[in-house]
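Colleague: what would the 3D arrangement of this be:
(chains A and B)
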Amino acid sequence: MTAAVPMPGVRPRRPAARLLNALIWPALLLIGLFTPLLPRLLAPLSAGVPPTTDSPLWQLTLVHLALVLGAEVIVLAIGVPLAVYVTRPGRAALMQLAEAVTGLGQTVPTIAVLALAVPALGFGTGPTVVGLILYGLVPVVSNGVAGLLGVDRAVQDAAQGMGMSSWQRLTRVELPLSLPVLSAGIRTSTVYNVGTATIGAALGAGGLGEPIINGLSQQNTGLVLLGAVLAGLLALSLDGLLGLLTPEQR
Amino acid sequence: MITLNHLEKRYGNTAAVRDLSLTFPDASITALLGPSGCGKTTTLRMINRLIEPTSGQVLLDGQDTGQLKPEVLRRGIGYVIQQIGLFPHLSVAQNVATVPDLLGRNRAQTARRVDELLALVGLEPAVYRAKRPAELSGGQAQRVGVARALAADPPVLLMDEPFGALDPIARDEVQERFLGIQAELKKTVVIVSHDIDEALRMGDYVALMRAGELEQFGTPDDLVKRPASEFVRQFLGDDANLRQLAGVPVREFARPGSAADAASLPRVEAATNTRTALALMLRAGSERAAIWDGETLVGVVGFADLLRAEAEAPTAAGRAP
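Modeller: Just a heads-up that it's a prediction; the model follows:
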């Protein structure tokens, strides 16, 4: 598994550092979107002309964000119940199967998944979202499973012995205690998918992949970098902001 | 009253507990004692149905626990385990309030009850209420564990090696405090232990198990002085009498003595256990010692008193009804 499972007990950076990290990237992203600074900087790579896009950059970014977050909502709706389901007692075989299948999703190249989805779903947003869901599931399921399995046996025994039903144990003990590991998975999954979603432009899904694809076909390096830099800043922004929401490891 | 009726637990062909019939008397502590793998923990966990018996019954005040919903049964039984198992994401107060919350009790009443219980186990509520389990020492954490088990005022308390993970000093302290609490609350307590000293010290009764079967049930005195089998005698060891003395405060052996007499004798505190008092007398090279409760002379005790006590087989002074 490649998914990031933070070591329990390792405390992340101090709150001030987290806040700074969370705010610096969105600030740079906004500068890139609403000032002509970035295209001007990239002009030397585009034969001296600042690269431009058909739709405004902020619109491309919003489409991109919607693709990623929309897919992430579905990922959570599938991934969290799946992690819970396979970690119930007596389902060890099912758990290995689920991890193998989601792991397989990550070993198949993105472009292949998207190419395979096109005949089924046509061009556009559909196949892109399917690809994003498949990729996004891996870290969420494997971190969800790791988090739930990592809940101290003694704590579970005490919860059961005091008369909590299995639903109460799940909602009051297991999920809260696995939340730090699970949300690290959600963060990883979201950030990966900002990158994956750029490929969606090849299928006509729009987003920040558009200038990249256009730049490649026009051999306009400045245009490629415009999309790439903004996608990178979007990924770092989401990483920082989700980091603020991630509870500290206990 | 908890009654085990031909209780049996099998895993495949091996029996963890075999045809066990036993009654745990009300308002007293019964220690389930025995070597590892004798089935004592399995027996305990069958009482609150964390383990389902293969056959036989557990009766709680005459009611077959197999007929109850496991969650409902468990909310009426306090449960304390060696690893403590406090919920690390909740405060001390929230931990203690777990069962009252599950029972849907009034929040304000529960908050008052939590403070009472923290005070009862010797943790200042204002200081400890908001702490997280990670901020507590082992002894403090287990005291919170005991408070949590008592929160809904259950008549029955099950304790699985509750003091086994504590260092000797913390263990003595928590045991002592628990005995004080028990003297006040008079719960029906079943405590699993592999520690003979703990069983003899804490138990009003001891049930000694071996390979899934009951070897002997009786007061600590019965087991020490009238072992039912060679196994019981061997398990308790040659110094069983000394171990038993460790469970009795020396105050129980005091005879009246004059202050003038006492002045020349080594001094022991009234709450000191008799084994330690004996050790003090041996070290001081004195056949007798003066027992003091602070500045008040309680009396004197001599080797002869201990010998006579042995011969008369006292009701181990105040324990056992």
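
Colleague: which stretches in chain A count as helices?
Modeller: A:15-34, A:37-42, A:57-86, A:92-107, A:110-121, A:125-149, A:153-161, A:166-168, A:175-199, A:209-217, A:221-245 (DSSP state H).

Colleague: now the fifth one: mean pLDDT?
Modeller: For helix A:110-121, mean pLDDT rounds to 75.

Colleague: could you check the angle that helix makes with helix A:125-149?
Modeller: Helix A:110-121 and helix A:125-149 are oriented at 120 degrees to each other (axes from the mean of the first three to the mean of the last three C-alpha atoms, to 10 degrees).

Colleague: which strands and helices sit next to helix A:110-121?
Modeller: helix A:125-149, helix A:175-199 (3 or more C-beta pairs under 8 Å, 6 or more residues apart in numbering or on different chains; DSSP states H and E). Bear in mind the C-beta positions are built from the backbone N, C-alpha and C, glycine included.

Colleague: again with the third one
Modeller: Judged by 3+ C-beta pairs under 8 Å, 6+ apart, the packing partners of helix A:57-86 are helix A:15-34, helix A:92-107, helix A:125-149, helix A:175-199, helix A:209-217, helix A:221-245.

Colleague: what's the answer for the fourth one, then?
Modeller: Contact analysis of helix A:92-107 by 3+ C-beta pairs under 8 Å, 6+ apart lists helix A:57-86, helix A:125-149 as its packing neighbours.

Colleague: show the contacting residues for residue B:277.
Modeller: Contact analysis of residue B:277 by C-beta atoms under 8 Å, 6 or more residues apart in numbering or on different chains lists B:250, B:268, B:289, B:291, B:301.

Colleague: so after the helix or strand where the third one lies, what's the next helix or strand?
Modeller: Using DSSP states H and E, the element containing residue B:289 is strand B:288-293. For strand B:288-293, the succeeding helix or strand toward the C-terminus, using DSSP H and E, is strand B:296-302.

Colleague: for that following strand, buried residues please.
Modeller: Buried positions in strand B:296-302, judged by neighbour count with 16 or more other C-beta atoms under 10 Å in any protein chain shown: B:297-302.

Colleague: residues in contact with residue 163?
Modeller: Chain wasn't specified; assuming chain A. Counting by C-beta under 8 Å, 6+ apart, residue A:163 touches B:70-76, B:99, B:102.

Colleague: chain B, not that one
Modeller: B:142, B:171, B:174-175, B:198.

Colleague: now swap in residue A:131 and tell me
Modeller: Residues near residue A:131 by C-beta under 8 Å, 6+ apart: A:110, A:113-114, A:117, A:196, A:199-200.

Colleague: can you tell me how far residue B:185 is from chain A?
Modeller: For residue B:185, the distance to chain A (C-beta to the nearest C-beta, to the nearest Å) stands at 18 Å.

Colleague: so what's that residue closest to, chain neighbours aside?
Modeller: residue B:150 (7.3 Å; C-beta to C-beta, 6 or more residues apart in numbering or on different chains).

Colleague: I figured the one you found hits residue B:182, correct?
Modeller: No. Residue B:150 is beyond contact range of residue B:182, at 10.3 Å (criterion: C-beta atoms under 8 Å).

Colleague: residues contacting the residue most central in space within chain A?
Modeller: The residue lying closest to the centre of chain A (C-alpha atoms, centre = their mean) is residue A:190, at 1.2 Å. Neighbour list for residue A:190: A:68-69, A:72, A:136, A:238-239, A:242 [criterion: C-beta under 8 Å, 6+ apart].

Colleague: now with 7 Å, please.
Modeller: Counting by C-beta atoms under 7 Å, 6 or more residues apart in numbering or on different chains, residue A:190 touches A:68, A:72, A:238, A:242.

Colleague: so it versus chain B, what's the distance?
Modeller: 24 Å.

Colleague: output the contacting helices and strands for the lengthiest helix in chain B.
Modeller: In chain B, taking DSSP H as the definition, the longest helix is helix B:168-185. Using 3 or more C-beta pairs under 7 Å, 6 or more residues apart in numbering or on different chains; DSSP states H and E as the contact test, the elements touching helix B:168-185 are helix B:138-150, helix B:196-202.

Colleague: switch the cut-off to 6 Å
Modeller: helix B:138-150 (3 or more C-beta pairs under 6 Å, 6 or more residues apart in numbering or on different chains; DSSP states H and E).

Colleague: what's the following helix or strand after the helix it packs on?
Modeller: Per DSSP H and E, the helix or strand that comes after helix B:138-150 is strand B:156-160.

Colleague: how about the stretch 201-321 of chain B: which residue is closest to chain A?
Modeller: residue B:202 (20.0 Å; C-beta to the nearest C-beta).

Colleague: identify the residue spatially nearest to that residue, adjacent ones excluded.
Modeller: Leaving aside its chain neighbours, residue B:202 sits nearest to residue B:29 (5.5 Å; criterion: C-beta to C-beta, 6+ apart).

Colleague: by mean pLDDT, flag the weakest helix or strand of chain A.
Modeller: helix A:110-121 (a mean of 75; mean pLDDT, DSSP states H and E).

Colleague: state the distance from residue B:11 to chain A.
Modeller: Residue B:11 is 16 Å from chain A, by C-beta to the nearest C-beta.

Colleague: burial of that residue, as a residue count?
Modeller: 9 (other C-beta atoms under 10 Å in any protein chain shown).

Colleague: quick check: phi and psi at it.
Modeller: phi -120, psi 100 (degrees, to the nearest 10).

Colleague: kindly report the same for the one 3 residues further on.
Modeller: Recorded main-chain torsions at residue B:14 are phi -90, psi 140, according to degrees, to the nearest 10.

Colleague: before we move on, what about the one 4 residues further on?
Modeller: Here is the backbone geometry of residue B:18 (degrees, to the nearest 10): phi -120, psi 120.

Colleague: sketch out the low-pLDDT regions of chain A for me.
Modeller: Counting by pLDDT under 70, chain A shows low-confidence ranges at A:1-14, A:247-250.

Colleague: so how far is residue B:97 from the residue nearest to residue B:185?
Modeller: The gap separating residue B:150 from residue B:97 is 12 Å, by C-beta to C-beta, to the nearest Å.

Colleague: about what we covered before: using CSV, please lay out the contacts of residue A:190 together with neighbour count.
Modeller: Formatted as CSV, those follow (neighbours: other C-beta atoms under 10 Å in any protein chain shown):
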residue, neighbour count
A:68, 26
A:72, 21
A:238, 23
A:242, 19
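
Colleague: closest to residue A:28 out of those residues?
Modeller: residue A:238 (13.2 Å; C-beta to C-beta).

Colleague: and the gap between that closest one and residue B:183?
Modeller: For residue A:238, the distance to residue B:183 - C-beta to C-beta - is 60 Å.

Colleague: re earlier: mind putting the helices and strands packed on helix A:110-121 in JSON lines, distance to residue B:16 included?
Modeller: Output for the helices and strands packed on helix A:110-121, formatted as JSON lines (distance: least, C-beta to C-beta, whole Å):
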{"stretch": "helix A:125-149", "distance to residue B:16": "26"}
{"stretch": "helix A:175-199", "distance to residue B:16": "30"}
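
Colleague: ranking those helices by burial, who's on top?
Modeller: helix A:125-149 (a mean of 24; mean count of other C-beta atoms under 10 Å in any protein chain shown).

Colleague: that one to helix A:57-86, inter-axis angle?
Modeller: 40 degrees.

Colleague: so how far is helix A:125-149 off the chain centroid?
Modeller: 8 Å (C-alpha atoms, centre = their mean, to the nearest Å).

Colleague: mind listing what's buried along stretch B:213-224?
Modeller: B:214-224.

Colleague: which ones among the residues you listed lie within strands?
Modeller: B:214-218 (DSSP state E).

Colleague: can you tell me the element residue B:113 falls in?
Modeller: helix B:107-120.

Colleague: what packs against that helix?
Modeller: Where contact means 3+ C-beta pairs under 6 Å, 6+ apart, helix B:107-120 is packed against helix B:92-96, helix B:125-128, helix B:138-150.

Colleague: great, nothing more from me.
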